[in-house]
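A.B. asks: I'll drop the sequence and a predicted model, then ask my questions.
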Amino acid sequence: MSKSPAHKIKLGLITATIWDNDGFYSVDLSRAYKNNQGDWQSTPSFAQGDLLNAAKCAERAEIWIARQMSKDATQRT
């Protein structure tokens, strides 16, 4: 994985982080929450109420990756 994400997509507390892995892309989905001390944390676990935003983030990530791969292919030619 690269050191910084290629792109991030956020919907509410859900984030799709897209990584450029030298020729292919991968996606991490996470949900933000505050711990007992009030500090922001993230988890890859989702409650039922998070699933629609997680699905939308995944769909938007897929669209972004498809567009980026098209740009990548154009730049190589």
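C.D. replies: Cool, got the structure. Numbers count the residues shown, from 1 in each chain.
A.B. asks: tell me which residues are up against the longest strand belonging to the chain.
C.D. replies: Longest strand in the chain by number of residues, with DSSP state E as the criterion: strand 25-34. Strand 25-34 is contacted by residues 1, 6, 13-19, 40-47, 50, 54, 57-58, 61, 65, 68-69 when judged by C-beta atoms under 8 Å, 6 or more residues apart in numbering. Placement of C-beta: from N, CA and C, glycine included.
A.B. asks: that one pairs with which strands, parallel or anti?
C.D. replies: strand 14-20 (antiparallel), strand 40-43 (antiparallel) (DSSP bridges).
A.B. asks: mind putting these into a markdown table with mean pLDDT and mean neighbour count?
C.D. replies: What follows is those, written out as a markdown table (pLDDT from 0 to 100; neighbours: other C-beta atoms under 10 Å):
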| stretch | mean pLDDT | mean neighbour count |
| --- | --- | --- |
| strand 14-20 | 98 | 20 |
| strand 40-43 | 98 | 11 |
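A.B. asks: noted, bye for now.
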